[in-house]
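A.B. asks: pasting the sequence and the predicted coordinates here, then a few questions.
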Amino acid sequence: MLDQTKTEIDHPGSGRLAHAESDHPPVPRARVGVIIANLGTPDGTDYWSMRRYLNEFLSDRRVIDYSPLLWQPLLQGIILTKRPFSSGKAYAGIWNEEKDESPLLTITRAQTEKLAEAMAAKFGDDVIVDFAMRYGNPSTQSVIERVKAAGAERIVFFPLYPQYSAATTGTANDQAFRALMKMRWQPYIRTVPAYYEHPLYIEALAKSVEETYAKLSSKPDILVTSYHGVPKRYLMEGDPYHCQCQKTTRLMRERLGWDKSQVVTTFQSKFGPEEWLQPYTVEEVARLAEAGHKHIAVMAPAFSSDCVETLEEINEEIKESFEEAGGETFTYIPCLNDAPAHIDMMMAVLENEMRGWV
Ligand SMILES: C=CC1=C(C)c2cc3[nH]c(cc4nc(cc5[nH]c(cc1n2)c(C)c5CCC(=O)O)C(CCC(=O)O)=C4C)c(C)c3C=C
Ligand SMILES: [Fe+2]
Ligand SMILES: [Fe+2]
């Protein structure tokens, strides 16, 4: 077992290179840091907060991989003059007014607090738990620095995306390693793999469906699993995201004991003129209504917490599309957020990744 309790620096006796202990910067007790990483969020819904956030997000070449020579003039000149207004309006509709922050931030903090309680119950204060964002605040660099300063010589970095995509997990990890590039004494780091088929993730999803359905007076005709989309080209170039989404839905359907005809997989949030993964949720729900499926439920398994893409896009825009096509009941099943089954899943995944460290 590794000696994690050592606090002092060993000095090899006397001589020209040995220093008195008082000459050293403080060295805190060695601990393990767990960092939950989520996508990010603007600091406010006003034009400049939105513009700053969208600029950072949409300038990331893991998200939009066009040549910057072509993309940046378009982004800076056209997109960032218009989109901050429309996105700001969408965020304003779901904003947590009490805390003056986005729901994604509120929920990520709640997840972190519950995970910290579970970690403390098991490992005492040997483990520090914190959260970071890829875009906006708290930045990945600031959190890695904070956790390291509190003694984390070893960090488990957990991008909270069940399905791997270069546009999410990949760029979250890039950002963590970019932070390490600036550090003299780097912490050791382990990145947590995607958990799209983890039995406890599948169980948590299935449970959330069962719990929502138990409260309804009649069962919806169809369950739509709506994943955030990516350009179809990313799939063709080797991103496994599409296949991992399909597998999550299949495993959850099998766990529920349902027939293939009862669940459909769709992709939402298309951005720009390129073809994205299909079918598009907004079109598919209208097709379902037109085909006579008047009662549907929609869930978003790619999102670990509710955010503008679920609370606004699914529960308003996509719902409207369904109702305009003749649909009658639209039930939105919330993300796993800080549900106990979600925290249990995180604990199980992390305990596996922390092996030998605690
Ligand atoms: C433009 C390209 C985009 C790709 C590719 C993309 C992939 C992707 N995103 C998520 C998760 C989230 N995206 C969120 C918001 C959001 N996404 C894009 C664009 C792309 N996403 C934009 C422009 C925005 C901002 C909102 C808007 O202006 O419409 C969010 C929500 C953040 C919040 O609520 O604060 C999440 C979460 C995944 C999982 C994914 C592909 C795998
Ligand atoms: Fe997105
Ligand atoms: Fe696939």
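C.D. replies: Sure thing, it's come through. Ligands and ions are numbered 1, 2, ... in the order given.
A.B. asks: how far away is the nearest residue to residue 94 once chain neighbours are set aside from ligand 1?
C.D. replies: Residue nearest to residue 94 in three dimensions, not counting chain neighbours: residue 311, with 4.4 Å by C-beta to C-beta, 6 or more residues apart in numbering. C-beta here means a position set from N, CA and C on the backbone, and glycine is covered the same way. Using C-beta to the nearest ligand atom, to the nearest Å, residue 311 is found at 8 Å from ligand 1.
A.B. asks: and the residue in the stretch 151-300 of the chain that ligand 3 sits nearest to, how many neighbours?
C.D. replies: Among all residues of the stretch 151-300 of the chain, residue 243 sits closest to ligand 3, at 3.4 Å; criterion: C-beta to the ion. The number of residues packed near residue 243 is 13, by other C-beta atoms under 10 Å.
A.B. asks: what does the helix or strand containing it contact?
C.D. replies: Using DSSP states H and E, residue 243 sits in helix 241-256. If you take C-beta atoms under 8 Å, 6 or more residues apart in numbering as the criterion, helix 241-256 is touched by 162-165, 167, 194, 196-197, 201-203, 205-206, 209-210, 225, 227, 230, 234-235, 260, 262-263, 265, 267, 277, 301-302.
A.B. asks: quick one: the helices in the protein, in order.
C.D. replies: Here the chain has its helices, by DSSP state H, at 47-58, 68-74, 80-94, 103-123, 140-149, 171-181, 199-214, 232-236, 241-256, 281-290, 319-324, 340-353.
A.B. asks: contacts for the shortest one next, please.
C.D. replies: Defining contact as C-beta under 8 Å, 6+ apart, one finds that helix 232-236 is touched by 165, 166, 167, 241, 242, 274, 275, 276, 277, 278.
A.B. asks: can you rerun that using 10 Å?
C.D. replies: Under the criterion C-beta atoms under 10 Å, 6 or more residues apart in numbering, residues 62, 65, 165-167, 239-243, 267, 274-278 lie in contact with helix 232-236.
A.B. asks: tell me the buried residues in that helix?
C.D. replies: Of all the residues in helix 232-236, those buried under the rule 16 or more other C-beta atoms under 10 Å are 234, 235.
A.B. asks: next one: the last one
C.D. replies: Within helix 340-353, the residues that qualify as buried are 341, 342, 343, 345, 346, 347, 349, 350, 353, counting by 16+ other C-beta under 10 Å.
A.B. asks: taking helix 199-214 as reference, get the angle to that helix.
C.D. replies: Calculated by axes from the mean of the first three to the mean of the last three C-alpha atoms, to 10 degrees, helix 340-353 forms an angle of 180 degrees with helix 199-214.
A.B. asks: show me what helix 340-353 is packed against.
C.D. replies: Helix 340-353 sits against strand 31-41, helix 103-123, strand 127-136, strand 152-159, strand 188-191, helix 199-214, with contacts defined as 3 or more C-beta pairs under 10 Å, 6 or more residues apart in numbering; DSSP states H and E.
A.B. asks: give the other helices and strands that the third one contacts.
C.D. replies: Which is strand 127-136. If you count contacts as 3+ C-beta pairs under 10 Å, 6+ apart, strand 127-136 packs onto strand 31-41, helix 47-58, helix 103-123, helix 140-149, strand 152-159, helix 171-181, helix 340-353.
A.B. asks: same question for the first one.
C.D. replies: Under the contact definition 3+ C-beta pairs under 10 Å, 6+ apart, strand 31-41 sits against helix 47-58, helix 103-123, strand 127-136, helix 140-149, strand 152-159, helix 171-181, strand 188-191, helix 340-353.
A.B. asks: can I get that strand as CSV, trimmed to CA atoms?
C.D. replies: What follows is strand 31-41, C-alpha atoms only, in CSV (Å, rounded to 0.1, in the frame of the first residue of the first chain):
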residue,chain,number,x,y,z
ARG,A,31,-4.5,13.4,-0.6
VAL,A,32,-6.5,12.2,-3.6
GLY,A,33,-8.5,14.8,-5.6
VAL,A,34,-11.7,13.9,-7.4
ILE,A,35,-12.8,16.5,-10.0
ILE,A,36,-16.1,16.2,-11.7
ALA,A,37,-15.9,18.0,-15.0
ASN,A,38,-19.0,19.4,-16.8
LEU,A,39,-19.5,21.4,-20.0
GLY,A,40,-19.8,25.0,-18.7
THR,A,41,-22.2,27.8,-18.5
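A.B. asks: quick check, that strand touching ligand 1?
C.D. replies: Yes - contact between strand 31-41 and ligand 1, assessed by C-beta under 6 Å from any ligand atom, occurs at 39, 41.
A.B. asks: and that strand, which strands flank it?
C.D. replies: Here strand 31-41 is paired, per DSSP bridges, with strand 127-136 (parallel), strand 152-159 (parallel).
A.B. asks: who's in contact with the closest residue to residue 277 other than its chain neighbours?
C.D. replies: Counting by C-beta to C-beta, 6+ apart, residue 277 lies nearest to residue 267, which is 4.1 Å off, once chain neighbours are set aside. If a contact means C-beta under 10 Å, 6+ apart, then residue 267 has 225-230, 232, 241-242, 245, 276-282, 284, 302 as its contacts.
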